[in-house]
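[1] sequence first, then the predicted structure:
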Amino acid sequence: MPRRTSQMLRFVVVGGSIAGVACAYALQEAGHQVLVVEQGDGRCNTHGGIRSPPNMTRLLNHWGLGPAIARVSVKANRFTFRDGKSGEELGPLVLHEKLMKALAADFLYMQHGALHAMFVEFAKSAGVQFRYNTEVVSVDPWKGVVITRKGAKLSADVIIGADGYRSVVRPVVVGPEGMKGVLDKRVSVNITVPTDLMRQHKDLVQLTVSPEWSLWLGDDCAMHGLLTVDPQSSKKEYGIVMHVPTDGKPSQNSWARSQPLDEKFLKLDRFEPRIQKLVRLAQTMTPTGHTIYEPFDNWVHESGKVVLVGEAAHPLMPNGSHNAAMSIEDAMTLSTLFSLPASKSHTSVLLSAYEELRQPRCAATQASELRKRDFICLPLGPEQQARDDGLRDARARALLDWDEAEEEFLRDTWEEYIDLFAFDAREAVEDWWTKWGPAISRPRMSDSRIESVVATSASGYFAGSGSMSAFAGGRMKC
C-alpha cells in the first residue's frame with residue numbers, strides 16, 4: 001500500500017492512556033509530529049491483568065513489539081469454566097493449535113502497566129513528545145486548540161481525545177449525550193496475588209503454573225483469574241477480577257483507588273473454600289464502577305479537527321477481554337489511514353473513514369462483552385442450570401481434536417469468537433483504500449463528495465468480515 005511522503009501533520013493527544021500512547025507511537029512512526037498531554041506524572045505501575053486476544057496480538061507483532069511482549073506475557077491454552085461454589089469443572093474452551101495457527105496470533109495475558117510502559121518507551125524512541133502534570137480543561141474544536149489548567153494553548157492540525165471514561169474531550173465531540181448513561185448494576189474488582197504466597201498452599205499451586213484462564217461462575221457473581229508477569233521482578237502474579245452486584249450502591253469509575261479487602265462486598269461466601277483462601281491472600285482490592293452508554297453517533301467533530309479514541313470513544317465494561325484490544329485497533333486504524341498518500345486537505349475525509357470503520361466494530365464488541373459478563377454472572381435458577389448443563393454437555397466435544405469435532409458444534413462455539421479474533425484493523429483500512437483511494441486521489445473530486453462516498457463504503461465494510469466463512473465449513477485452511 002502506498003504511503004504519505006509529504007504534508008505531515010501536527011497531532012496533540014489528550015491523555016497518556018494505552019490508546020493515547022499507542023496512537024502517538026504509530027502516528028509518529030508514520031512521519032507525523034505528535035505531542036502527548038497527560039495530567040498525571042506518567043508513572044503507571046498497575047499490576048492488573050489484561051488480555052491480548054489474537055486481533056490485538058497480531059497488531060502488536062506488526063509494530064515489532066512481539067519480542068518485548070513475549071518477555072512480559074503468558075500464552076493462554078484454554079478457558080476453563082468452573083462452578084463457583086463447588087469448584088467443579090463445567091467445561092473448557094480449548095484454544096486448538098490449528099485454530100491459533102489460522103488466526104496467526106496468540107491469546108496472551110500481561111499486566112496493564114507493562115504494556116503501557118512498553119508503548120511509552122517505543123513512543124519516546126520514535127520522537128513523540130510528552131508533557132506530564134498538564135491538565136487539559138477545554139478544547140476549541142474550530143481553532144484546533146487545547147487549553148490547559150495553567151492557560152497554555154496548544155495548537156494542532158488534529159486533536160486526539162484519548163482521555164478515558166471521564167473524558168474532557170468527549171462532550172466537545174459528542175455533545176451532552178456524551179455525559180449521559182446508565183450505571184451498571186455490577187462492579188468489577190481487580191485483585192493481585194503474588195504466586196510466592198500461593199505456593200505456600202498445596203491446593204493453590206496448580207494455579208501458579210497453569211496457563212489457562214479460569215472462570216468461577218457464582219450466584220449472581222463471577223470471578224476469573226490468570227497468570228501475569230511483573231516486568232520489574234520477572235516474577236509471576238495471579239491477576240483476579242471479580243464481578244459482583246452493587247446492591248444499589250454507586251461505585252467510582254476509577255482504576256486507581258485501591259482499598260482494604262472487603263469479603264462481604266466481594267460476596268466471597270458464594271465461592272468455594274479454595275477461592276476464598278486465594279482472595280484472602282491479597283491485602284487490597286480496586287473496585288471499578290461502570291456507566292453503560294449507548295454507542296455514540298459521532299467520534300469526529302464537524303470541524304474535522306478533533307477525534308476520539310479508546311474509552312473516550314467507546315467506554316467498554318471494565319476488565320473485559322477487549323478493552324485494550326479495541327484501543328490498539330483504534331490506533332492501528334488511525335495511523336494506517338494517516339499513512340496513506342493523501343493531502344492535508346483530506347484530513348476530515350480520513351477521520352470520517354476512521355469513524356465509519358471503527359463504530360460498528362466497537363458497538364458489536366461492547367454488546368458482546370456485556371453479554372458474556374452477564375452469562376457468567378447468572379443468579380441461581382433455571383437459566384443458570386441450563387447454562388451449566390450446556391457447558392457439561394459440551395465438555396467432551398470441546399476436548400476433541402479440531403478435525404474430529406462436529407461442524408455444528410464448532411460453529412455454535414466459535415463463530416462469535418472468530419468474528420472478534422480474526423478481524424485485522426490494518427487490512428480493513430487496506431481494503432477501504434483499494435476501493436476508494438483512486439477517488440480520493442482524483443484532483444477534481446470535492447472533499448464533501450468524498451466524505452459522502454467514504455461514509456457509505458465504510459458502513460458496509462462489516463458485512464461478513466471476520467466471519468466463520470473465512471474458516472471453510474467450520475474447518476480452517478491451515
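    Right, received. Where do you want to start? Just so it is clear, the structure is predicted and the values come from calculations on it, not from any experiment. Residues are numbered from 1 along each chain as shown.

[2] so what secondary structure elements neighbour the helix or strand hosting V74?
    Using DSSP states H and E, V74 maps to strand 73-75. Counting contacts by 3 or more Cβ pairs under 8 Å, 6 or more residues apart in numbering; DSSP states H and E, strand 73-75 packs against strand 108-111, strand 221-229. No exception for glycine: its C-beta is placed from N, CA and C like everyone else's.

[3] what sits up against the first one?
    Under the contact criterion Cβ atoms under 8 Å, 6 or more residues apart in numbering, strand 108-111 has outside partners 46-52, 57, 69, 72-76, 213, 226-231, 237, 239.

[4] need the CA coordinates for it. CSV is fine.
    Output in CSV follows, covering the C-alpha atoms of strand 108-111 (Å, rounded to 0.1, in the frame of the first residue of the first chain):
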residue,chain,number,x,y,z
LEU,A,108,-1.8,-13.6,25.8
TYR,A,109,-2.1,-12.3,29.3
MET,A,110,0.0,-9.4,30.6
GLN,A,111,-0.1,-6.6,33.1
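
[5] gap between that strand and the chain center?
    The chain centre lies 12 Å from the centre of strand 108-111; the measure is Cα atoms, centre = their mean, to the nearest Å.

[6] one more: stretch 142-149?
    The chain centroid and the centroid of stretch 142-149 are separated by 28 Å under Cα atoms, centre = their mean.

[7] please export the C-alpha coordinates of it as CSV.
    Coordinates of each C-alpha in stretch 142-149 appear next as CSV, following Å, rounded to 0.1, in the frame of the first residue of the first chain:
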residue,chain,number,x,y,z
TRP,A,142,-12.8,25.0,15.4
LYS,A,143,-9.3,26.5,16.0
GLY,A,144,-7.7,23.1,16.8
VAL,A,145,-6.5,24.3,20.2
VAL,A,146,-6.1,22.5,23.5
ILE,A,147,-6.3,24.7,26.7
THR,A,148,-4.6,23.6,29.9
ARG,A,149,-5.4,24.4,33.5
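
[8] show me what counts as buried in the strand holding V74.
    For strand 73-75, the neighbour count (16 or more other Cβ atoms under 10 Å) marks 73-74 as buried.

[9] any of the contacts of strand 108-111 buried? List them.
    Neighbour counting by 16+ other Cβ under 10 Å classes 46-52, 57, 69, 72-74, 76, 213, 226-231, 237, 239 among these as buried.

[10] my read: N190 touches V279, true?
    No. Using Cβ atoms under 8 Å, N190 makes no contact with V279, being 11.8 Å away.

[11] any common contacting residues for the two?
    Going by Cβ under 8 Å, 6+ apart, residues that sit against N190 and also against V279 are I240.

[12] can you find the helix or strand of the protein with the lowest average pLDDT?
    helix 447-459 (a mean of 53; mean pLDDT, DSSP states H and E).

[13] how about the strands in the stretch 201-350 of the chain?
    All strands of the stretch 201-350 of the chain, identified by DSSP state E, counting those that start in this stretch, fall at 213-218, 221-229, 236-245, 259-260, 284-288, 291-292, 306-308.
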